[in-house]
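> can you look at this prediction? I've put the sequence above it.
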Amino acid sequence: MEKLDDGYQLLYPDCVGKLIERSSSCSVSFAALSWIVLRLNYSQLRELSGIRFDLVRVDYPGRHFTIGAKYKDPSIDREFAIVTFVESLLNSVSCGEFLAFAIQNASWQKEIDRLTQ
């Protein structure tokens with residue numbers, strides 16, 4: 001988990017708005033965002049190369065987590081490509097793939113608590 005001031009572009013795709021809203025109080029939302037971040041980091045898309053993704057804690061307005069993009073070259077902005085990838089991911093990957101990821105860690109709420117202290 002990175003701090004907000006570490007040079008991240010914060011991303012708020014509409015398609016995951018409800019997950020972001022509930023990310024600090026709902027372990028399933030937190031797990032879903034973690035899964036999306038993992039998939040972004042292992043994407044083979046050329047448009048996303050040179051970008052590291054993390055789940056980033058934001059303390060305004062209200063505490064929540066969102067997707068943070070850290071660019072090797074901070075002069076670029078690939079928000080459109082990132083959002084397009086997330087939307088495509090949510091529309092094409094089976095629920096089973098997410099569930100397989102989510103059940104690997106039975107303590108999502110503990111992870112939320114650790115990152116919000």
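Structure received. Because the structure is a prediction, the values reported are computed rather than measured.
> so residue 12 makes contact with residue 66?
Yes. Assessed by C-beta atoms under 8 Å, residue 12 is found in contact with residue 66 at 6.0 Å. C-beta here means a position set from N, CA and C on the backbone, and glycine is covered the same way.
> show me whatever sits in contact with both of those two.
residue 20 (C-beta atoms under 8 Å, 6 or more residues apart in numbering).
> with neighbour numbers in mind, choose between the two.
Remark: of residue 12 and residue 66, residue 66 carries more neighbours, 23 against 14, as counted by other C-beta atoms under 10 Å.
> do I have it right that the more buried one meets residue 20?
Yes. The pair residue 66 / residue 20 is scored as a contact, 5.1 Å apart, by C-beta under 8 Å.
> hey, what's in contact with both of those two?
12, 33.
> please, where are all the helices along the protein?
17-21, 27-41, 79-92, 95-102, 108-116 (DSSP state H).
> helices or strands up against the last one?
Just to be clear, that refers to helix 108-116. helix 27-41, strand 51-58 (3 or more C-beta pairs under 8 Å, 6 or more residues apart in numbering; DSSP states H and E).
> any idea of the mean pLDDT for it?
In this model, helix 108-116 has a mean pLDDT of 82.
> same check, this time on the fourth one
Averaged over helix 95-102, pLDDT sits at 90.
> next: the third one.
For helix 79-92, the mean pLDDT works out to 95.
> hmm, who's touching that helix?
So helix 79-92 is in contact with 9, 11, 13, 15-16, 36, 39-40, 43, 45, 47-48, 51, 67, 69, going by C-beta under 8 Å, 6+ apart.
> one more: the first one?
Residues lying outside helix 17-21 but in contact with it, judged by C-beta under 8 Å, 6+ apart, are 12, 29, 32, 33, 64, 65, 66.
> perfect, I'm done here.
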